[in-house]
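Novice: sequence first, predicted model second:
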Amino acid sequence: MKIQGLAPAEGSRRRSKRIGRGPGSGHGKTATKGHKGQKSRSGGTKGPSFEGGQTPLQRRLPKRGFKNAPFKKVYAVLNLDDLAKLDIDTITPEALLEKRVIKDLKDGIKILGEGTINKPLTIKAHAFSASAVSKINAAGGKAEVL
């Protein structure tokens, strides 16, 4: 390989157009915006929902439904088969955080009934599904709501 044979990769050396920098640039005067009209003015582009002064669609449609966002409860969800793998008799949120089964408590822990449980466990959580409670009781354990 010789230094004379070196060349930049194809398409890597492209200078950007210097728009609005005088008549010698070829892109002076109207700066590629054409003559007059809204799009030729400064700040002339409107947002994606602008409909030329007509009331936009999102304002024409009625509001519907109910948003409970500020009061919504978000639980850290665990299934029974996740708890069956642990070798603890009393399962609490603190123990789950310590064992790194969950990363964050959020608004509490909810136990769901996916999977089976064989040994009697005392599970303390903020919420339980009906199937989880029945499976815990059938195994001889207790489901305590915090």
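Specialist: Sure, I can see it.
Novice: look up phi and psi at S134.
Specialist: The phi/psi pair for S134 (degrees, to the nearest 10) reads phi -70, psi -40.
Novice: so what pLDDT did the closest residue to it other than its chain neighbours get?
Specialist: Leaving aside its chain neighbours, S134 sits nearest to G113 (7.4 Å; criterion: Cβ to Cβ, 6 or more residues apart in numbering). Where C-beta positions appear, they are placed from N, C-alpha and C, glycine not excepted. G113 is assigned a pLDDT of 87 by the prediction.
Novice: ok, G113 - contacts?
Specialist: By Cβ atoms under 8 Å, 6 or more residues apart in numbering, G113 lies in contact with 79-80, 129-135.
Novice: identify the residues contacting the residue positioned nearest the centre of the chain.
Specialist: Taking Cα atoms, centre = their mean, the centroid of the chain lies closest to V74, which sits 14.2 Å from it. When contacts are counted by Cβ under 8 Å, 6+ apart, V74 touches 106-107.
Novice: how close does K110 get to V74?
Specialist: As judged by Cβ to Cβ, to the nearest Å, K110 and V74 stand 10 Å apart.
Novice: next, the residue nearest to the centre of the chain: phi, psi?
Specialist: Taking degrees, to the nearest 10 as the convention, V74 sits at phi -120, psi 120.
Novice: next one: the one 4 residues further on
Specialist: Dihedral angles of L78 (phi, psi; degrees, to the nearest 10) stand at phi -130, psi 150.
Novice: how many other residues sit next to it?
Specialist: 20 (other Cβ atoms under 10 Å).
Novice: mind checking how far it is from L6?
Specialist: For L78 relative to L6 (Cβ to Cβ), the value is 61 Å.
Novice: over to T90?
Specialist: Taking Cβ to Cβ, one finds T90 at 71 Å from L6.
Novice: who has more neighbours, these two?
Specialist: Each of T90 and L6 had its neighbours counted (other Cβ under 10 Å), and the higher figure belongs to T90 (12 against 7).
Novice: the strands in this structure, which residues?
Specialist: Listed in chain order, the strands of the chain (DSSP state E) span 76-79, 90-91, 109-112, 122-125, 127-128, 142-145.
Novice: all set, thanks.
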